[in-house]
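**Student:** Have a look at this prediction, sequence included:
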Amino acid sequence: MKFPHTVTIFNKIEKQGKTYYRPTVIRGCLNRTNFSYPKSTVGVNNGSTTALYIPLSADAGGKCYIAPDKYRKLDDQDRNDFYTFCPIDDYYIVGIYEADEPYFIRTEDIKALANIHKITAAELLDFGSKSLWHWEVKGE
């Protein structure tokens, strides 16, 4: 599968008693948004739901998926090689997020984005032809 969207996943990390997010850019995804009306606000409370399809062959810049509980146990250096989908803590945007400090993005900077989606569920669909295997990530 080859899809047109590039997304940035933001994984939550705790560092020195503060919450930060680490971005991972993934190319070759498909994001679908279901708009709810009336839309009351923007950002994470806009009433819309999303479905993000990420083929296992998508380009994550050399990073590999790891389960959320294992991701939390990694040190900062090891997190450079991995990303995860944690419905409790993580977000994503369609597009590339560029920051001055690319590894430690503050919570207020993430939540201020107009097109941010909170990850609510993630399911690995690894059956049938390997060329069709993918992640389905739900968001709001």
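**Tutor:** That came in fine, so what should we check first?

**Student:** tell me the contacts of Gly62?
**Tutor:** Asp81 (CB atoms under 8 Å, 6 or more residues apart in numbering). C-beta coordinates here come from the backbone N, C-alpha and C atoms, glycine included.

**Student:** give me phi/psi at it?
**Tutor:** Recorded main-chain torsions at Gly62 are phi 90, psi -10, according to degrees, to the nearest 10.

**Student:** ok, and for the longest strand along the chain, which residues are buried?
**Tutor:** Identified as the longest strand of the chain according to DSSP state E is strand 18-34. Within strand 18-34, the residues scored as buried using 16 or more other CB atoms under 10 Å are 20-26, 28-31.

**Student:** and the two most separated of those?
**Tutor:** Greatest spatial distance in those: Tyr20 and Leu30, 28.3 Å, computed using CB to CB.

**Student:** and which of the buried residues of strand 18-34 is nearest Tyr71?
**Tutor:** Ranked by distance to Tyr71 (CB to CB), these are led by Arg22 at 9.5 Å.

**Student:** How about the closest one: what's its closest non-neighbour residue?
**Tutor:** Setting aside the residues directly before and after it, Arg22 is nearest to Asn11 in space (CB to CB, 6 or more residues apart in numbering), at 5.0 Å.

**Student:** residues in contact with the one you found?
**Tutor:** 21-24, 71, 79, 83-84, 86, 89-90.
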